[in-house]
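Asks: can you look at this prediction? I've put the sequence above it.
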Amino acid sequence: MFVQPHFKVTYTTAEMWTVPDVLQYELLSVPEKLKTFYDGKYPCQKYDDVPSIRIHPLLNCYLLQYLCYEALGKTKLCHEVLTKLNNLTGKEATVDENCVLFYNVVAYCNKKSGRYRKATKYILRSLKTKPSRRNAAFGYLKSIINQSLTLVREWNISFN
């Protein structure tokens, strides 16, 4: 059983250039905060008012490890980290009971590794938890469908 962390990793829109791609999608899926941020009512926002997401340190660690190993082409280490991610539960690695972020990150990593069935499972959990157009899982689902259609087309061409 995991204990709630003493700190949370926070990514803000002001630091967008440093944020991993998967978390950029999550940051852009908080339009209410973005709208109030860009209204220009306050020339200098307080740090807590800047649109941001908070991620559990363990989930952030595994995500960054996965992305680094993937960039280095170390597939065996990617799969080890992915196994650890898939063994986590939403309750163990969430902040403020935001399971959607957890599901989307795990779905993203599974999709990148070609584990589309697992990715789809986490996407569906995410969409059941937050069935909104503002859920970044819709983008991942679209990507998986497009890749599947491409494979079907290639398969049909190879048999003709």
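Replies: Perfect, I can see it now. Residues are numbered from 1 along each chain as shown.
Asks: so how far is residue 25 from the residue most central in space within the chain?
Replies: By CA atoms, centre = their mean, the chain has its centre lying nearest to residue 105, at 2.9 Å. For residue 105, the distance to residue 25 equals 10 Å [CB to CB, to the nearest Å]. Glycine gets a C-beta too; all of them are placed from N, C-alpha and C.
Asks: from residue 150, how far out is the residue nearest to the centre of the chain?
Replies: 24 Å.
Asks: rounded mean pLDDT for the helix or strand harbouring the residue nearest to the centre of the chain, please.
Replies: Using DSSP states H and E, residue 105 sits within helix 99-112. What helix 99-112 shows for mean pLDDT is 88.
Asks: packing partners of the helix or strand just after it?
Replies: Moving toward the C-terminus from helix 99-112, the next helix or strand (DSSP H and E) is helix 116-129. Here helix 116-129 touches helix 99-112, helix 137-159, going by 3 or more CB pairs under 8 Å, 6 or more residues apart in numbering; DSSP states H and E.
Asks: buried residues of helix 116-129, list them for me.
Replies: Within helix 116-129, the residues scored as buried using 16 or more other CB atoms under 10 Å are 116, 118, 119, 120, 121, 122, 123, 125, 126, 127, 129.
Asks: turn the residues you listed into CSV, including pLDDT and distance to residue 52.
Replies: Below are the buried residues of helix 116-129 laid out as CSV (pLDDT from 0 to 100; distance: CB to CB, whole Å):
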residue, pLDDT, distance to residue 52
116, 83, 30
118, 90, 28
119, 86, 25
120, 85, 28
121, 89, 28
122, 88, 23
123, 84, 23
125, 87, 23
126, 85, 19
127, 83, 23
129, 83, 20
